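Asks: 3D model of this:
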Amino acid sequence: MAITHEFGIIQNFNKRHVYNHYTPDLYDCIPVNDHFIQELIKPLAMMKTYFHTYERPANGLAITE
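Replies: You can find the predicted model right below:
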């Protein structure tokens, strides 16, 4: 079975909200095969982002192992 990751865009980012629930339908997420994500891990490492909340600025994708 192929591993996929789902990505969406939060149009109205609420700085006080904690985004830690899996809600792909809410953000019109699209599935991306893991093969493509593995190739992008290093190139996206400098992308500024937040992990689950505005209080956790970070770079790259949130990876769990």
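Asks: A2 is in contact with D34, isn't it?
Replies: Yes. Using CB atoms under 8 Å, A2 is in contact with D34, at 6.9 Å. (Glycine included, C-beta is placed from N, CA and C.)
Asks: burial check on the residue lying closest to H52 once chain neighbours are set aside, number of neighbours?
Replies: Spatial nearest neighbour of H52, chain neighbours left out: N20 (4.7 Å); criterion: CB to CB, 6 or more residues apart in numbering. The local packing of N20 (other CB atoms under 10 Å) involves 8 other residues.
Asks: tell me the pLDDT at N20?
Replies: Looking at N20, its pLDDT is 77.
Asks: surely it meets F51?
Replies: No. Using CB under 8 Å, N20 makes no contact with F51, being 9.3 Å away.
Asks: enumerate every residue touching K15.
Replies: For K15, the contact set (CB atoms under 8 Å, 6 or more residues apart in numbering) comprises Y54.
Asks: chain neighbours aside, what residue packs nearest to V32?
Replies: Spatial nearest neighbour of V32, chain neighbours left out: H5 (5.2 Å); criterion: CB to CB, 6+ apart.
Asks: and the strands in the protein?
Replies: Using DSSP state E, the strands assigned to the chain run over residues 4-7, 30-33, 48-50, 57-59.
Asks: circling back: quick check: the residue nearest to V32 vs I37, distance?
Replies: Going from H5 to I37 by CB to CB, to the nearest Å gives 5 Å.
Asks: deepest-packed of the strands of the chain, please.
Replies: Ranked by mean neighbour count, those are led by strand 4-7 with a mean of 14 (mean count of other CB atoms under 10 Å).
Asks: mean confidence for that one?
Replies: Strand 4-7 comes out at a mean pLDDT of 88.
Asks: can you check stretch 53-65 too?
Replies: The average pLDDT for stretch 53-65 rounds to 83.
Asks: just stretch 29-39 next, same as before
Replies: 92.
Asks: pull up the distance across it, start to finish.
Replies: 20 Å (CA to CA, to the nearest Å).
Asks: where along the protein do the helices fall?
Replies: 34-40 (DSSP state H).
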